[in-house]
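Asker: Pasted the sequence and its predicted model underneath.
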Amino acid sequence: MRKMLDPTVPGWHGDAEAAVLLGESLPTRRRKRARGIGPKWVRHGRRILYADGSEAEYLTELQAKAEAASAPRGRGRPRKAA
């Protein structure tokens, strides 16, 4: 069986490198991708490619969601706009 070569498209990288950048194993990265969790990706033939910087963008979104969830909520009912 022929081994899949790393993508040679400038500005893109494969599944294995994305897993390393996110600190995950390759099977975990694939499982999360199947569930729709993680950075944006594209399929090129049989290969899955991630744009350079997509992992950093994904982690920034996660951080923003975590900060919003930890922010104290206002008291009472919100006021109606006039």
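Answerer: Thanks, I have the structure now.
Asker: Am I right that Trp12 is in contact with Ser54?
Answerer: No - the pair Trp12 / Ser54 is not scored as a contact, 9.3 Å apart, by Cβ atoms under 8 Å. Any C-beta I mention is one placed from the backbone N, CA and C, and that applies to glycine too.
Asker: For Arg33, give me its contacts.
Answerer: Asp15, Trp41, Ile48 (Cβ atoms under 8 Å, 6 or more residues apart in numbering).
Asker: beta partners for the nearest residue to the first one once chain neighbours are set aside?
Answerer: Counting by Cβ to Cβ, 6 or more residues apart in numbering, the nearest residue to Asp15 once its immediate chain neighbours are dropped is Ile48, at 5.0 Å. Partner residues in beta bridges with Ile48: Arg43, with DSSP bridges as the criterion.
Asker: What's the separation between the residue nearest to Val9 when sequence neighbours are not counted and Glu24?
Answerer: With sequence-adjacent residues excluded and distances taken as Cβ to Cβ, 6+ apart, Val9 is closest to Leu49, at 6.8 Å. To Glu24, Leu49 is 17 Å away according to Cβ to Cβ, to the nearest Å.
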